[in-house]
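K.L.:
Predicted model follows, preceded by the sequence.
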Amino acid sequence: MPVDRSATPLAGSVREALRAYRMIAAMWIRSTMAYRASFAMTAFGNFAATALDFAAILLMFSQVDRLGGYSLPEVAFLYGLSGAAFGLADLAMGSMDRLGRRVRDGTLDTLLVRPVPVLAQVAADRFALRRLGRITQGLLVLGWAVAALDIAWSPLKVLLIPVTLLSGGAIFAAVFVAGAAFQFVAQDASEVQNSFTYGGNTLLQYPPTVFAKDLVRGVTFVLPLAFVNWLPALYVLGRPYPLDLPAWVAFTPPLVAAGCCALAGLAWRVGLRSYRSTGS
């Protein structure tokens with residue numbers, strides 16, 4: 001008799017988590033859209049605040065022609081890929097940095113008693129649609145860079161861009177989840193988490209040639225943020241890879257993203273099992 005894999009416990013759990021996430025996020029979206037003018041202003045504010053990062057890059061290029069051997073459109077290409085990928089992860093999982101606060105004040109206990117996966121509840125809590133401003137800004141810079149660059153396009157390079165965006169978003173999402181799992185142990189560690197999420201996004205906005213090789217090795221082999229944009233982007237740009245890596249690594253971001261998500265999920269389960277209620 002054939003096995004209905006959709007009925008396996010893992011598939012059922014994932015389906016239940018996604019359903020719960022959609023319902024909670026939809027509730028917050030309805031709440032947000034009840035005040036549309038406020039939403040428009042906060043989304044524009046998010047757009048403008050993230051645009052300041054690119055304004056800083058423009059100021060640098062007002063004084064130099066190249067940064068680490070890269071032209072402005074090439075740096076903008078890196079910036080757009082990283083910014084849009086991070087924006088996707090921030091939209092979906094940005095609320096994870098509030099977990100430490102929930103652990104400290106005991107409100108996490110209310111999530112544990114509900115018949116819904118805790119990860120879905122924490123991730124969708126206070127779903128902030130205004131974060132679309134960050135995604136929009138990153139995509140606009142990416143679009144300008146693609147138009148300004150003289151790239152020898154091929155079907156493979158065209159396909160690599162959306163794959164890179166989705167894979168980069170998944171890698172950043174895994175970092176959000178792993179950072180939240182760490183907060184089960186170190187309850188006041190949201191800034192440590194932000195150093196790897198927001199800090200990692202800022203790092204990737206610049207070419208790897210401006211950083212020391214030890215740092216490049218760290219974000220390639222330890223915390224694989226280089227797969228968010230550096231490695232696939234350098235293939236599209238026809239640039240040599242850092243650390244003399246082989247050419248095929250440009251196509252591995254989906255595999256790296258899957259591995260990061262699996263490890264983050266394991267860290268989350270370990271952290272959740274170690275949680276002890278405040279008893280208050």
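P.N.:
Looks like it arrived, so ask away.
K.L.:
what does stretch 219-226 rub up against?
P.N.:
Identification of contacts with stretch 219-226 by CB atoms under 8 Å, 6 or more residues apart in numbering yields 171, 175, 196, 200, 203-204, 208, 216, 227, 231, 242-243, 245, 256, 260. Every C-beta, even on glycine, is put in place using the N, C-alpha and C of the backbone.
K.L.:
Which among those count as buried?
P.N.:
Listed as buried from these are 171, 175, 196, 200, 203-204, 208, 216, 227, 231, 242, 256, 260; burial here means 16 or more other CB atoms under 10 Å.
K.L.:
Where does confidence bottom out across the residues you listed?
P.N.:
On pLDDT alone, Pro242 ranks lowest of those, at 84.
K.L.:
quick one: low-confidence parts of this protein?
P.N.:
Residues of the chain meeting the criterion pLDDT under 70: 1-12, 187-189, 278-280.
K.L.:
Looking at the protein, which helix is longest?
P.N.:
helix 155-182 (DSSP state H).
K.L.:
Would you mark the buried spots in it?
P.N.:
For helix 155-182, by 16+ other CB under 10 Å, it's 157, 160-161, 164-165, 167-182.
K.L.:
Show me how far the helix or strand following it is from its chain's centre.
P.N.:
The first helix or strand that comes after helix 155-182 along the chain, using DSSP states H and E, is helix 190-204. Distance of helix 190-204 from the chain centroid (CA atoms, centre = their mean, to the nearest Å) equals 10 Å.
K.L.:
So what touches helix 190-204?
P.N.:
By CB under 8 Å, 6+ apart, the list of residues contacting helix 190-204 reads 53, 78, 81-83, 86, 89-90, 96-98, 100-101, 172, 175-176, 179-180, 182-183, 186, 211, 219, 223, 225-226, 228-230.
K.L.:
And stretch 94-101, by the same measure?
P.N.:
107-108, 122-128, 131, 176-177, 179-180, 183-184, 186-190, 193-194, 197.
K.L.:
Would you mind pulling up the elements that the longest helix of the chain packs against?
P.N.:
helix 72-93, helix 118-124, helix 190-204, helix 230-237, helix 253-274 (3 or more CB pairs under 8 Å, 6 or more residues apart in numbering; DSSP states H and E).
K.L.:
end to end, how far does stretch 181-194 reach?
P.N.:
13 Å (CA to CA, to the nearest Å).
K.L.:
wait, I meant stretch 243-253
P.N.:
Distance across stretch 243-253, first residue to last, is 17 Å (CA to CA).
K.L.:
Show me which positions of it end up buried.
P.N.:
Applying 16+ other CB under 10 Å to stretch 243-253 flags 249-253 as buried.
K.L.:
Can you tell me how far the spatially most central residue of the chain is from Thr136?
P.N.:
Geometric centre of the chain, nearest residue: Phe172, 2.9 Å, by CA atoms, centre = their mean. Note on Phe172: its distance to Thr136, by CB to CB, to the nearest Å, is 17 Å.
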